[in-house]
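Peer 1: Here is a sequence with its predicted model. Questions after.
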Amino acid sequence: MQKKNCCSRFIHSPRPLSGLTVITVLILSVITPLVPAESFKVVQWWDKYVSQGGPSYRSQRPNSLGYQDLNGDNTYNDSVVWFGFSITEPLNPLSAAGDTSLDHWQYRLDRPSARFYGGIVGRYTNVSAIKSNKEPLFDHFAQASVQKNEGARFCSYSTKYPNNTERSGPCMDDLAESCWGDMTLALTDNGGTPIGEMFQKNKNIEVSFNAVFLWKKADFINGGAKAPQITFDETSRLSVDLARWRKNIKAVRFVVQDGSQQLWMSEAVAVPNETGDAARVGLNNMTVKPFEKGVTLELLPLTSRWATYIDTSSLNETEAQTWLAEIDKMKFNPKKSSPEEAKLYYETSNRLLEEINQITFNPQTAVFESHVFTEVQAVGVYFATDEFTHTHTWLAFDNFQVYATGNVPTGKATVSNSPAESTTTSTTEFTNGISVNCGPIEQTVRQCLCDQVKVQGEITADSKHVGQTADILVYAYYKPVPESEEQQCYVLGEEGGIDECDEDPAKWTAFRNGITLQAHQQWSIYQGQFVLPGFLKVFFGYRLADGTLVSSADSVDIMINQVNPSSDNEMPYCESVKQQCSSTQ
């Protein structure tokens, strides 16, 4: 085991992979409780999810259906394009199959909140006869994808954008992991695609759409997935940033699934202002935080009334696929089909459209009422323009966040002689977390190099171990990015030194040597700053005198990003965060 050099205040490592290195390691006399006393973050879709390209939703083309009358003008020349609504089939792109190299990861499913569900329906009038290379032109969207790096420039500072985080600025190769993408939907564009060019030429084409994006409890972060019950209280909130595109979006609302089947839609809504700028006015307690280039929408769920939306038990996804397959086999051509063939086509189409249009929410007929959420199973955001209009229509969003409340179970312990060996369970419980810039304690964070952090741990020891002498251990696995197969193991020593993990845990340097285990103990593991970017999975545990290693089964996951030195920063990012701790105290 190679010992690293350190001095009394700063810890320096000659090895570039020692991502555990911190500045100023302290033991604190006062430790913040780790059990959530109020709402905690359960969803945040905001990360470097795409490393190559801009994969479409579900990594496939949407479905389409032509020769319909969608606008009620008794002319069957409209088309509908859709990704079917589902809470069982994810809407997110797929990760690349069969190729695990960094260059070919299309969508990083292991990133926090990466998996999402929902559906999208777009409608185009007077387009069924428009062809491109003898195929329908309007059988897809102009764009419907998660983009690679057109979104946030994480660790930047510009008050022009939501969360004071720059979007769409320069992206240098060495900052690629800090150049994040966003979710996009464009029914039309300004002419950059064949659909956009045709839309500009043909003034008879009109569009409308509905889209909903949902995150399920099974994927909640910070322990939310394991909580027996997730609810809302006065500190709960839902929010989303619209930072790049937002045109012809008539309504933005939030969606919550309560119980196993019923989705609810918020009465709180963001609508355009008098000049048509989308999502600039909040109604019914929707808060709109405007920026020069974008908006943040936020709702405290207890302040809104809610209306029933989709009852998931009414969904008929299997039959919808059957109807679509039957329609495809018909090869319908209104100029050549017989009356009987046309009748069958439209009867089948109508059944399919009824299923597709369940995604549409009608606020005029909805009954809004007070609702107490007792079993939150999914959360999301809904976008809609229900009236047909000849207007370019697009949106881009990121940083969807939800804070909710629930009793997060304490982490179970594993017992072994080595983390690599088979393990057994123990009644010892661990509760570990990290606070960034004096924020709440979390188990999953994305942060910047110069952010101030505090890592803490609690032990509720197995009764058989209480009173025994033990060494407290802190160890972590480091990777350049979470998807890397190669990783290094490091342990944190008592004086702040960083050591490589020996194959034998009995030889690991202890964070604290020879302590007497109490029934319950709290530790401040370290505070300060990390000095290298990368991904850390931090574990906390203790080693008994016989060499038995008892450690947390769940890690604290920390993604450390480089600071963005963009010339568009209004001040250096590191300067912008200096006052955050003082402002929270």
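Peer 2: Ah, there it is.

Peer 1: Quick check: the gap between G84 and L70.
Peer 2: 17 Å (C-beta to C-beta, to the nearest Å). Using the backbone N, CA and C atoms, a C-beta is placed for each residue, glycine as well.

Peer 1: Also F138?
Peer 2: From F138 across to L70, the span is 12 Å (C-beta to C-beta).

Peer 1: who has more neighbours, these two?
Peer 2: Higher neighbour count among F138 and L70: F138, with 31 against 20, using other C-beta atoms under 10 Å.

Peer 1: Distance from the chain centre to the top helix by length along the chain, please.
Peer 2: When the chain is parsed with DSSP state H, its longest helix is helix 339-356. Remark: helix 339-356 is offset 37 Å from the chain centroid, using C-alpha atoms, centre = their mean, to the nearest Å.

Peer 1: Now D69. Nearest residue, chain neighbours left out?
Peer 2: Residue nearest to D69 in three dimensions, not counting chain neighbours: Y76, with 5.0 Å by C-beta to C-beta, 6 or more residues apart in numbering.

Peer 1: What is the burial count for that neighbour?
Peer 2: For Y76, the neighbour count with other C-beta under 10 Å is 16.

Peer 1: so it sits in a helix?
Peer 2: No: assessed with DSSP: H, G, I helix; E, B strand; the rest coil, Y76 is coil; it does not lie in a helix.

Peer 1: do you know how far it is from V127?
Peer 2: Distance from Y76 to V127, by C-beta to C-beta: 12 Å.

Peer 1: do G411 as well
Peer 2: On the measure of C-beta to C-beta, G411 and V127 end up 55 Å apart.

Peer 1: where in the stretch 151-300 of the chain is pLDDT low?
Peer 2: Applying pLDDT under 70 to the stretch 151-300 of the chain picks out no residues at all.

Peer 1: Mind pulling up the pLDDT for L20?
Peer 2: We have a pLDDT of 44 for L20.

Peer 1: Can you pull the domain assignment for this structure?
Peer 2: Under automatic domain parsing, the residue ranges defining each domain of the chain are 41-147+182-405, 410-584.

Peer 1: Out of those, the one nearest M172 is which?
Peer 2: domain 410-584 (8.8 Å; C-beta to C-beta).

Peer 1: Tell me the gap between that closest one and the middle of its chain.
Peer 2: Offset of domain 410-584 from its chain centre (C-alpha atoms, centre = their mean): 23 Å.

Peer 1: again with stretch 192-208
Peer 2: 32 Å.

Peer 1: Can you give me every residue that contacts S551?
Peer 2: By C-beta atoms under 8 Å, 6 or more residues apart in numbering, S551 lies in contact with A413, T414, P419, F430, L473, Y475, F539, F540, G541, Y542.

Peer 1: for the stretch 151-300 of the chain, what spans make up the helices?
Peer 2: Ranges of helices in the stretch 151-300 of the chain, per DSSP state H, counting those that start in this stretch, are 194-201.

Peer 1: low pLDDT regions in the stretch 1-150 of the chain?
Peer 2: Judged by pLDDT under 70, the stretches of the stretch 1-150 of the chain that qualify are 1-37, 97-105.

Peer 1: Show me where it has its helices.
Peer 2: Going by DSSP H, counting those that start in this stretch, the stretch 1-150 of the chain shows no helices.

Peer 1: how about the nearest residue to W523, chain neighbours excluded?
Peer 2: Excluding its sequence neighbours, the residue lying closest to W523 (C-beta to C-beta, 6+ apart) is G457, at 5.0 Å.

Peer 1: Just give me the neighbour total for the one you found.
Peer 2: When neighbours are counted by other C-beta under 10 Å, G457 registers 25.

Peer 1: if I read this right, it contacts Y526, doesn't it?
Peer 2: No: counting by C-beta atoms under 8 Å, G457 stays clear of Y526, with 10.4 Å between them.

Peer 1: Now the terminal residues of stretch 242-261, how far apart.
Peer 2: Length of stretch 242-261, first residue to last, C-alpha to C-alpha, to the nearest Å: 29 Å.
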